[in-house]
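> Just need the structure, nothing else, for what follows:
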Amino acid sequence: MDAHKKDLVDLTCRLVNIDTTVPPGLNYPRISQVLASELKDLGVTPTVSLIPEASMRLKVSPEVGLKGPRPNTYATLKGEGEGPWVLLNGHVDVVPADPSGWSHDPFEPVVKNGKVYGRGAADVKGSNACEIFSMKALVETGAKFRGRITPTFTTDEEVGGYSGVNYLVDKHVITKDVDYCLSTDSGIEALHVASLGDAEYLITVHGRAAHSGRGWTGVNAIEFGASLIEDLKKLGEEISKRRSRINAEPGWGIKKMKPGLYVNTAKGGLKGNIIPDTFEILVDRRFIPEESEAQVRREIARVVKEFAAKHREVKVSMKMLLGYDPMLTSPNHPLVRTVRRVARKVLGRDTPSCGSQGSTDMAAVSALGIPIAVLGATRQDSNIHGIDEHVRINDLVSVTKILAHTFLELL
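Numbers count the residues shown, from 1 in each chain. Take a look at the predicted model:
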């Protein structure tokens with residue numbers, strides 16, 4: 001792999017150079033073509049599968065703002081004879097980047113000081129390149145293995161809800177017959193075996209518009225909504241005291257996975273001289289594996305119902321926009337032990353198994369009973385989702401080695 005370091009960096013840069021911001025989901029066909037070409041070079045036949053527009057209309061709330069074709073790219077690399085089935089996954093979408101704070105254009109990758117800078121370099125286009133080169137290592141060295149490896153490069157992980165992974169499950173490309181799943185949507189400092197669930201709810205307070213000169217004739221939705229936010233904050237304080245039994249990822253000041261409730265956007269008002277008749281509150285509820293979406297929805301709905309009963313002047317509605325269930329694999333599963341053992345050989349240190357404080361569409365795979373281990377090339381200082389996001393080139397090489405040796409251990 002050390003001999004292919006330059007090629008690994010080149011592929012990372014080519015992927016970063018394609019702006020796949022979601023929403024709406026830009027340039028998905030372009031990045032799919034690049035990945036399909038790389039898979040073809042391995043001697044396998046890639047498949048590009050578009051999520052039907054009808055499925056998107058049915059599964060995704062229009063408020064999420066997804067537009068355009070949504071191709072998901074996959075293939076199968078077969079070994080000699082029957083054996084286990086390993087699923088690989090990485091997502092192709094990235095979060096938006098405001099170029100004003102960056103040292104350079106976020107989608108013009110820069111290689112400097114042993115790092116690749118650019119939106120998605122760490123989350124997770126560098127790790128996507130690792131997946132390609134881990135399989136290239138097997139092919140070019142003629143390594144013997146049994147079974148099959150199915151790499152999947154999927155859309156819309158960053159927005160939650162119905163992603164490319166969900167679609168491949170519905171299409172039976174991903175089935176319960178998969179023996180192991182390796183995802184690279186994580187970091188190299190620990191091995192993630194669990195993740196938080198995530199549910200976003202849009203709560204709308206409906207008042208009555210009026211001219212500000214006769215403001216008493218209207219019902220100010222923003223003022224009432226501010227009171228509702230205070231009630232939600234109290235629920236959030238109560239929720240934040242809970243803990244999972246799963247160890248939390250190191251470095252964030254908590255020992256066990258922690259849930260939370262956050263009011264992340266608030267919108268209302270049309271003009272300075274109009275009493276606002278609507279106020280929208282977006283609540284992001286992160287929940288631990290011991291909780292369920294139904295449970296967290298009931299808790300929020302109770303607060304909304306109690307608020308509405310106290311304030312008859314307004315009407316309040318609540319709608320779920322998107323969500324992921326929690327993911328969980330036993331820290332003692334053979335897959336987890338294997339990846340940790342291989343990582344120790346490559347890195348010279350342990351990668352402790354723990355739960356991520358993020359959320360992932362790997363939950364759809366976990367729901368099939370498939371064990372999942374998540375390890376990629378990000379670090380705490382990679383600044384994913386932030387300004388000057390970057391990935392260390394040596395970490396790209398290490399993750400590629402870990403994947404390739406894990407294949408040989410499992411297959």
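> from memory Thr175 sits against Val365, does it?
No: between Thr175 and Val365 there is no contact under CB atoms under 8 Å: 10.1 Å. Where C-beta positions appear, they are placed from N, C-alpha and C, glycine not excepted.
> Compare neighbour counts for these two and give me the winner.
Neighbour comparison, Thr175 and Val365: the larger count goes to Val365, with 25 against 13 (by other CB atoms under 10 Å).
> ok, and the more buried one, which helix or strand is that part of?
Using DSSP states H and E, Val365 maps to helix 363-366.
> got a list of contacts for that helix?
Helix 363-366 has contacts (CB atoms under 8 Å, 6 or more residues apart in numbering) with 87, 89, 163, 165-166, 169, 174, 178, 181, 195, 197, 324-329, 372.
> same thing with stretch 47-56?
Residues contacting stretch 47-56 (CB under 8 Å, 6+ apart): 32, 36, 66, 69-75, 155, 162, 164, 167-168, 170-171, 173.
> What of stretch 207-221?
With CB under 8 Å, 6+ apart, stretch 207-221 has contacts from 205-206, 224, 268, 270, 272-279, 313-314.
> Figure out how far the helix holding Val365 is from the centre of its chain.
How far helix 363-366 lies from its chain's middle: 12 Å, per CA atoms, centre = their mean, to the nearest Å.
> Could you name every residue contacting both of Thr175 and Val365?
Shared contacts of Thr175 and Val365 (CB under 8 Å, 6+ apart): Val169.
> pLDDT at His104, what is it?
For His104, the pLDDT comes out at 96.
> these two touch, right, it and Tyr117?
Yes: the criterion here is CB under 8 Å, and His104 meets it with Tyr117 at 6.8 Å.
> Which stretches in the stretch 151-300 of the chain count as helices?
Assigned helices in the stretch 151-300 of the chain, in chain order: 164-170, 221-239, 293-310 (criterion: DSSP state H, counting those that start in this stretch).
> Of those, which stretch is the most buried?
A comparison of the helices of the stretch 151-300 of the chain by mean neighbour count, using mean count of other CB atoms under 10 Å, puts helix 164-170 on top with a mean of 22.
> helices or strands next to that helix in the packing?
If you count contacts as 3 or more CB pairs under 8 Å, 6 or more residues apart in numbering; DSSP states H and E, helix 164-170 packs onto helix 53-59, strand 71-74, strand 85-91, strand 148-154, helix 363-366.
> again, only this time at 10 Å
Helix 164-170 sits against strand 47-50, helix 53-59, strand 71-74, strand 85-91, strand 148-154, helix 363-366, with contacts defined as 3 or more CB pairs under 10 Å, 6 or more residues apart in numbering; DSSP states H and E.
> Of all the helices of the stretch 151-300 of the chain, which one is nearest Pro334?
Ranking the helices of the stretch 151-300 of the chain by proximity to Pro334 (CB to CB) places helix 164-170 first, at 23.1 Å.
> Please export the C-alpha coordinates of the closest one as CSV.
The C-alpha trace of helix 164-170 is given here as CSV (Å, rounded to 0.1, in the frame of the first residue of the first chain):
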residue,chain,number,x,y,z
GLY,A,164,-29.2,5.0,-0.4
VAL,A,165,-28.5,2.3,2.2
ASN,A,166,-32.2,2.0,3.0
TYR,A,167,-32.9,1.8,-0.7
LEU,A,168,-30.4,-1.1,-1.2
VAL,A,169,-32.0,-2.9,1.7
ASP,A,170,-35.5,-2.5,0.1
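> For it, the averaged confidence score.
Helix 164-170 carries an average pLDDT of 96.
> cool, stretch 315-331 as well?
Stretch 315-331 shows a mean pLDDT of 95.
> And for stretch 257-271?
Averaging pLDDT along stretch 257-271 yields 97.
> Leu403 - nearest residue in space that isn't next to it in sequence?
Spatial nearest neighbour of Leu403, chain neighbours left out: Ser134 (3.6 Å); criterion: CB to CB, 6 or more residues apart in numbering.
> So that neighbour versus Leu396, what's the distance?
Per CB to CB, to the nearest Å, Ser134 is found 11 Å from Leu396.
> same deal with Lys310?
Per CB to CB, Lys310 is found 55 Å from Leu396.
> and what of Ala122?
Counting by CB to CB, the gap from Ala122 to Leu396 is 10 Å.
> Tell me which of these two has more neighbours.
Between Ala122 and Leu396, Ala122 has the larger neighbour count (other CB under 10 Å), namely 31 against 28.
> Does Leu335 touch Ala373 like I think?
Yes: Leu335 is within contact range of Ala373, at 5.3 Å (criterion: CB atoms under 10 Å).
> Are there residues contacting both of those two? Which ones?
Both Leu335 and Ala373 are contacted by Tyr180, Cys181, Leu182, Val193, Thr329, Thr406, under the criterion CB atoms under 10 Å, 6 or more residues apart in numbering.
> out of those, which is most surrounded?
Within the shared contacts of Leu335 and Ala373, Val193 tops the neighbour count with 28 neighbours, counted by other CB under 10 Å.
> Okay, strands next: where are they in the stretch 201-350 of the chain?
For the stretch 201-350 of the chain, the strands defined by DSSP state E, counting those that start in this stretch cover 210-211, 260-268, 274-275, 278-287, 315-324, 327-328.
> Drop anything exposed from the contacts of stretch 207-221.
For the contacts of stretch 207-221, a burial check counting by 16 or more other CB atoms under 10 Å picks out Val205, Phe224, Gly268, Ile275, Pro276, Asp277, Thr278, Phe279, Val314.
> Before I go, just wanted to say thanks for your time.
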